[in-house]
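Student: sequence and predicted structure, then a few things I'm wondering about:
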Amino acid sequence: MKADIVNEKDNKLLRRKELKLNIDHEGRTPSKAELQQLLSKQLSKQPEFIDIRNIFSGKGIAKSNAVVFIWEEKKVEDLAKAVAEKKKAEQGGEAEKPKEEAKPAAEEAPKEEKKTESKDEKPKEGKEKKKEETKEESK
């Protein structure tokens, strides 16, 4: 993956640099975390100061455009760490989830059947009443 800076604007009021990038990549569009790590190495900045705003990908081509803010003071989330923490949490909770999900699924099934029966009965009564009313009106 290669990122080229197309436009660089220094916003002194907000104390940030606003970058527009062209990204050449192979396969899928890079994630924000991947782009944040690449720019961290390329610009010699800590990932906490790099804010990936948008990644726009062309259809059928391996090129994308991105809008990135490089902050001087404001820290943003390091996306690579967040993704790693999320994966750890999912792996730790997977063993417990199937046991918990099996019980509610079994309990919900009878409730749904009861609801459908009551729904079916009410409309039939209404249809029958309408049929009777229309027969009386036609006489």
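Tutor: Yes, it's here. Since the structure is predicted, the reported quantities are computational estimates derived from the model, not experimental observations. Numbers count the residues shown, from 1 in each chain.

Student: and for L13, the neighbour number?
Tutor: 5 (other Cβ atoms under 10 Å). Glycine gets a C-beta too; all of them are placed from N, C-alpha and C.

Student: can you pull the pLDDT of it?
Tutor: L13 carries a pLDDT score of 94 in this model.

Student: next, it: phi, psi?
Tutor: Backbone torsions for L13, taken as degrees, to the nearest 10, come to phi -60, psi -50.

Student: equivalent analysis for N11, please.
Tutor: According to degrees, to the nearest 10, N11 has phi -100, psi 100.

Student: please name the nearest non-neighbouring residue to it.
Tutor: What sits nearest to N11 in space, not counting adjacent residues and going by Cβ to Cβ, 6 or more residues apart in numbering, is E18, at 5.7 Å.

Student: which SSE is the one you found in?
Tutor: strand 16-24 (DSSP states H and E).

Student: rewinding a little: from V76, how far off is the residue nearest to N11?
Tutor: 14 Å (Cβ to Cβ, to the nearest Å).

Student: burial check on V68, number of neighbours?
Tutor: 24.

Student: tell me where this protein has helices.
Tutor: Applying DSSP state H to the chain gives helices spanning 32-43, 79-94, 97-138.
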